Each structure stands twice: as structure tokens, then as C-alpha cells.
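Participant: Got a predicted structure plus its sequence, pasted below:
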Amino acid sequence: MKPDLHPTYEPTTITCGCGNVIETRSTAKDIRVEICSSCHPFFTGTQKIIDSEGRVEKFRKRFGTTKK
């Protein structure tokens with residue numbers, strides 16, 4: 001095998017928007033996610049309002065679309 005071909009596989013943390021921290025191993029240094037298994041409605045069995053309006057505005061701002 002060729003040396004230094006593969007990226008390093010190191011311990012890393014996955015941080016959720018709800019504050020949950022998961023420790024795992026990955027080639028990425030730090031991973032941030034918006035929803036994890038601790039706060040996703042499918043896993044918790046409860047319905048939670050997600051800020052979809054903010055996501056739409058973020059999309060419009062990013063891609064330059066306007067309201068009609």
C-alpha cells in the first residue's frame with residue numbers, strides 16, 4: 001500500500017443544535033448538525049415546531065430569489 005494515501009481517522013465530536021454531544025471517530029475534525037436522534041420527532045415521539053420560515057428565508061437570501 002502507498003503511505004499517506006488515506007486521511008487520518010481520529011476521535012471527533014458531533015454537536016447537535018439541541019446541545020447533545022456524541023463522540024465518535026471520523027476524518028472530519030468537528031461536525032455540527034441541526035437535528036439528532038435525541039431531538040428528532042421520529043425518535044422522541046413528540047411533535048416539535050421547526051423554524052421552517054427561517055430556513056426558507058435563508059434559502060432565498062443564499063440564492064437570491066424574491067417573494068412574489
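Facilitator: Arrived safely, thanks for sending.

Participant: where does the protein have low pLDDT?
Facilitator: The chain contains residues with pLDDT under 70 at 1, 43, 47-53, 65-68.

Participant: how about a cut-off of 90?
Facilitator: Within the chain, the segments meeting pLDDT under 90 span 1-8, 17-19, 29, 34-68.

Participant: so how far is residue 8 from the residue nearest the centre of the chain?
Facilitator: When CA atoms, centre = their mean is applied to the chain, the residue found nearest the centroid is residue 33 (1.9 Å). Taking CB to CB, to the nearest Å as the measure, residue 33 falls 22 Å from residue 8. The way it works is simple: take the backbone N, C-alpha and C, and place the C-beta from them, glycine included.

Participant: cool, and residue 31?
Facilitator: Distance from residue 31 to residue 8, by CB to CB: 15 Å.

Participant: Check the chain for its longest helix and report it.
Facilitator: Counting residues, the longest helix in the chain under DSSP state H turns out to be helix 52-63.

Participant: Could you give the bridge partners of the closest residue to residue 29 other than its chain neighbours?
Facilitator: Leaving aside its sequence neighbours, residue 29 sits nearest to residue 12 (CB to CB, 6 or more residues apart in numbering; 6.1 Å). Beta-bridge partners for residue 12, by DSSP bridges, are residue 24.
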